[in-house]
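Visitor: quick check, what structure comes out for this input:
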Amino acid sequence: TAEDIKKMKQNVQALTAQLNTAKQERDISLNNLGQMRQDMQQLEVTNLQLIQVNQVYADTLVEQGGLPLQVVGAKMEPLPENAFEYRFDVAMLAKDGQQHRLKPTLTLLDEDNLVDVPLEPSTYDIKGIARIRGRFVMPKGFRPKQAKLNLESNGQKVEQIYNWELASPVDKMPLSLSEVPETDQRPVTEGKGNTKGSTQSDTP
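Guide: Here you go, the predicted structure:
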């Protein structure tokens, strides 16, 4: 009947519209996928270029005698459950241009006592930048005034003493450690100059 034919035409039109919509969504997805691939390729190229430039700088520094052991960034932040996260970025390029073992130790001090913070891992490889990351639980009742970082690598020793203000409160503290499951791996852009004092020596 005419009514049935009209309904069939409406169904065909509806199916055609759905098909066109699906095609448009597919084309958009393909375009987005293509753009993502281009972006990834560009990021890879940029990363390779940065690696090349960094290697040139590193080779130049080695030829000029290397880069002495030093702290280039330091930060300690409070976490829930009386825990703290430490982040130290350490730089060194040895005169021989080789990778060397770095041993850090971290000590908390108040007026009369000190607490050694267990670091995990206890040693790092360094050829350029080493990122020392980890967490510890503050002993109950202990209120540090300073934190002392000692570094040893390839015959060089560095001692850096920081005021505890590096561990100033943060906004929007999570309720539990489970809400911050991983340490922050971003480079530290502060803390190098926020110190009480530092010493550096070369072991004969």
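
Visitor: show me where the chain has strands.
Guide: All strands of the chain, identified by DSSP state E, fall at 67-79, 83-93, 100-109, 114-117, 124-126, 128-137, 146-153, 156-163, 197-202.

Visitor: least confident of these, on average?
Guide: When the strands of the chain are compared on average pLDDT, strand 197-202 comes out lowest at a mean of 54.

Visitor: which of the strands of the chain sits closest to S29?
Guide: strand 128-137 (37.8 Å; Cβ to Cβ). Using the backbone N, CA and C atoms, a C-beta is placed for each residue, glycine as well.

Visitor: per-domain residue ranges of the chain.
Guide: 1-64, 67-202 (automatic domain parsing).

Visitor: distance to Q49 and mean neighbour count for the strands of the chain - can I get that in TSV?
Guide: Listed next are these as TSV, based on distance: least, Cβ to Cβ, whole Å; neighbours: other Cβ atoms under 10 Å:
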stretch	distance to Q49	mean neighbour count
strand 67-79	22	19
strand 83-93	20	21
strand 100-109	27	17
strand 114-117	39	14
strand 124-126	24	17
strand 128-137	17	17
strand 146-153	29	20
strand 156-163	31	18
strand 197-202	34	11
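
Visitor: of all those strands, which lies closest to E179?
Guide: Judging the strands of the chain by Cβ to Cβ, what sits closest to E179 is strand 67-79, at 9.4 Å.

Visitor: other SSEs contacting that closest one?
Guide: strand 83-93, strand 146-153, strand 156-163, strand 197-202 (3 or more Cβ pairs under 8 Å, 6 or more residues apart in numbering; DSSP states H and E).

Visitor: V72: which of these is closest?
Guide: strand 83-93 (4.8 Å).

Visitor: any chance you could give me the closest one in CSV, C-alpha atoms only?
Guide: Written as CSV, here are the backbone C-alpha positions of strand 83-93 (Å, rounded to 0.1, in the frame of the first residue of the first chain):
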residue,chain,number,x,y,z
ALA,A,83,55.4,10.6,54.7
PHE,A,84,57.7,12.8,52.6
GLU,A,85,59.0,12.6,49.1
TYR,A,86,62.5,13.7,48.2
ARG,A,87,63.7,14.7,44.7
PHE,A,88,67.3,15.6,44.0
ASP,A,89,68.7,16.1,40.5
VAL,A,90,72.5,15.6,40.4
ALA,A,91,74.8,16.5,37.5
MET,A,92,78.3,15.2,36.7
LEU,A,93,80.3,14.5,33.6
